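Engineer: sequence? don't have it. structure:
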C-alpha cells in the first residue's frame, strides 16, 4: 500500500486527465488539498473516482485570501474535510520573473500571513483536525508558535524544508509533528536526506505534491512518483520496500487520524 501524504488532485487532472483510472483500489491512499471553493468541488468529484482519499482545505500563505475564511469555517463545522491546510508561512520571494512582492518579508506581508495562519490553527484546535503546514524561509516564525501547535491533534509538515535540529526543536515543544518528504529526495537534497535519516521513523511520511515539484527531466509530478519517493526513503532508512510501505502507510493513518 502506497500512501501519498500530499497532492493536488484538481491541478493534477489538468495535466493528466486519465490518472484516476490507473490507480488500483488496494494499492494507494492519498491526502488531497484545496485552496479555492471551485477547486474543492472539482477535487470532491475526483475523489469519487479514486480509492479512499482524504481531503483538506486551507488558506495558503502564498495567497492568504480572507474571502475563503468563512468557507473553511463552514467546512469544519459541517465535518466536510479531514484536515486543514496548507497553512503556514512563505517568504521565499525569488522567482524566474523576479521578486514576488507579496512574499517579501515585511510587516505588512507578515501580518497577512499571521492572520491566516492563526485563524486556521484555531480551527484545527477547536475541531480537532490535523493541520498541514507549508513553510519556506520562515521556520523561526513557526517555531514561535510551538505552544499553540502542541494543542493541535497532529501537525504535518508538507515537503519538510528544515534541518534535523529544527525538527528536533519542534518535537521538543511537544508538537505531535510528522515530517513529509517528497521529490527533493529524488534530487538528492542534502539537508532533506539528512533530516530523513535523523527524524524518528514513526514521524516520517511520503508525498508527491503532484503535479508540483517535478523530478529531474519531468514536466510535472505524476501520482506514480510516490513509488519512487517510497523507494528512495527505504534506501535512506535501510529498509526493504515492503517494510517502508508499511511504515509510511501506518504513519499516514496515525498522522491524519484515520482508518482508511
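Structural biologist: Great, that's in hand. None of these values were measured; they are calculated from a predicted model.

Engineer: mind listing what's buried along stretch 112-125?
Structural biologist: Buried residues in stretch 112-125, counted by 16 or more other Cβ atoms under 10 Å: 112, 113, 116, 117, 119, 120, 121, 123, 124, 125. Bear in mind the C-beta positions are built from the backbone N, C-alpha and C, glycine included.

Engineer: phi and psi next, for the closest residue to residue 178 other than its chain neighbours.
Structural biologist: Distances taken as Cβ to Cβ, 6 or more residues apart in numbering put residue 255 closest to residue 178, at 4.1 Å, once the chain neighbours are dropped. Main-chain torsions, residue 255, degrees, to the nearest 10: phi -60, psi -40.

Engineer: residues in contact with residue 255?
Structural biologist: Counting by Cβ atoms under 8 Å, 6 or more residues apart in numbering, residue 255 makes contact with 5, 130, 154, 156, 178, 205.

Engineer: tell me the SS of the fifth one?
Structural biologist: What DSSP: H, G, I helix; E, B strand; the rest coil gives for residue 178 is strand.

Engineer: again, but for the last one
Structural biologist: Secondary structure for residue 205, judged by three-state DSSP, is strand.

Engineer: 59 is where my numbering starts, stick with that
Structural biologist: Right, with 59 as the first residue, what we last looked at is residue 263.

Engineer: that one and residue 308 touch, don't they?
Structural biologist: No. The pair residue 263 / residue 308 is not scored as a contact, 10.4 Å apart, by Cβ atoms under 8 Å.

Engineer: so which of those two has more stuff around it?
Structural biologist: A count of neighbours by other Cβ atoms under 10 Å puts residue 263 above the other of residue 263 and residue 308, at 27 against 13.

Engineer: that one pairs with what?
Structural biologist: Counting by DSSP bridges, residue 263 forms beta bridges with residue 238.

Engineer: show me what contacts it?
Structural biologist: With contact taken as Cβ under 8 Å, 6+ apart, residue 263 is in contact with 61, 63, 214, 236, 237, 238, 239, 306, 309, 310, 313.

Engineer: again, only this time at 6 Å
Structural biologist: Shown in contact with residue 263 (Cβ atoms under 6 Å, 6 or more residues apart in numbering): 63, 236, 238, 309.

Engineer: out of the buried residues of stretch 170-183, which are inside helices?
Structural biologist: 170, 171, 174, 175, 177, 178, 179, 181, 182, 183 (DSSP state H).

Engineer: all strands for the stretch 109-258 of the chain, in order.
Structural biologist: Secondary structure of the stretch 109-258 of the chain by DSSP state E, counting those that start in this stretch: the strands cover 111-115, 141-148, 152-153, 156-157, 189-194, 213-215, 235-239.

Engineer: want to throw the ones you listed into TSV with mean pLDDT?
Structural biologist: TSV is the format used below for the strands of the stretch 109-258 of the chain (pLDDT from 0 to 100):
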stretch	mean pLDDT
strand 111-115	98
strand 141-148	97
strand 152-153	77
strand 156-157	82
strand 189-194	97
strand 213-215	98
strand 235-239	98
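
Engineer: got these as a markdown table, with mean neighbour count columns?
Structural biologist: Below are those laid out as a markdown table (neighbours: other Cβ atoms under 10 Å):
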| stretch | mean neighbour count |
| --- | --- |
| strand 111-115 | 23 |
| strand 141-148 | 26 |
| strand 152-153 | 10 |
| strand 156-157 | 9 |
| strand 189-194 | 25 |
| strand 213-215 | 27 |
| strand 235-239 | 26 |
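
Engineer: any chance of the ones you listed in a markdown table with distance to residue 83 as columns?
Structural biologist: Converted to a markdown table, those look like this (distance: least, Cβ to Cβ, whole Å):
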| stretch | distance to residue 83 |
| --- | --- |
| strand 111-115 | 11 |
| strand 141-148 | 22 |
| strand 152-153 | 39 |
| strand 156-157 | 46 |
| strand 189-194 | 24 |
| strand 213-215 | 24 |
| strand 235-239 | 23 |
